[in-house]
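Below are the sequence and a predicted model for it; my questions follow.
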Amino acid sequence: MAEEARWFAEEVQPHEPALRAVLRRLVGSLSDVDDLVQECYLRMVRAKRHVRIRSCQAFLFTTARNAAHDLRRRRSVAAPIVFVETDDLRVLEDKGKGVVDSVCHQQELSLLAEAIHELPERCRQVFLLRKIQEMPQKVIAQRLGISESTVETLVAKGAARCASYLHRLGLSSR
């Protein structure tokens, strides 16, 4: 593990400023750049465990282009999102008073889906795993190779951004 950390610090991390510049050109959104940098690093470490990387710089920038392409592709496909009730999101309350209320409730759920879709990729991924699939923080952290505190931070950030999105639309009472 120490050898991997040394390799990463000496061979990969020095390219971060150039990596960020390339990703900004490829995706345009500064909020996505941080997530993509982490995704590139994760892909690099995983690849290093299975193959010999001759040129870290070339591999890193190819990985960046692929990660940006994957992000654009994922965003171009509208995937349905299944929701479960949470205390933080009042939109999910059961209103069940008739057809009009039911239609309004479905529209509110659709707006919540839009709010979640607007989250940065990593934040959305963690938010869905924790709040929608009700996966424990520890399991999410292990699965994604991040710390539990990062999971907690991303879930809180996702909930706050969704609440803010709904508030801007007049659907919550802050």
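Alright, I've got the coordinates.

And the helices in the protein?
Using DSSP state H, the helices of the chain run over 2-7, 16-27, 30-50, 56-76, 99-117, 121-127, 137-144, 148-168.

Could you pull up the residues touching the nearest residue to residue 162 once chain neighbours are set aside?
Counting by C-beta to C-beta, 6 or more residues apart in numbering, residue 115 is the residue found nearest to residue 162 once chain neighbours are left out, at 4.2 Å. Backbone N, C-alpha and C define where each C-beta goes, glycine included. Applying C-beta atoms under 8 Å, 6 or more residues apart in numbering to residue 115 gives the contacts 161, 162, 165, 166.

now the helices of the chain as JSON lines including mean pLDDT?
Output for the helices of the chain, formatted as JSON lines (pLDDT from 0 to 100):
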{"stretch": "helix 2-7", "mean pLDDT": "85"}
{"stretch": "helix 16-27", "mean pLDDT": "87"}
{"stretch": "helix 30-50", "mean pLDDT": "85"}
{"stretch": "helix 56-76", "mean pLDDT": "84"}
{"stretch": "helix 99-117", "mean pLDDT": "76"}
{"stretch": "helix 121-127", "mean pLDDT": "92"}
{"stretch": "helix 137-144", "mean pLDDT": "91"}
{"stretch": "helix 148-168", "mean pLDDT": "88"}
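
Quick check: chain neighbours aside, which residue is closest to the residue nearest the centre of the chain?
What sits nearest the mean C-alpha location of the chain, by C-alpha atoms, centre = their mean, is residue 122, with 1.8 Å. Distances taken as C-beta to C-beta, 6+ apart put residue 35 closest to residue 122, at 4.2 Å, once the chain neighbours are dropped.
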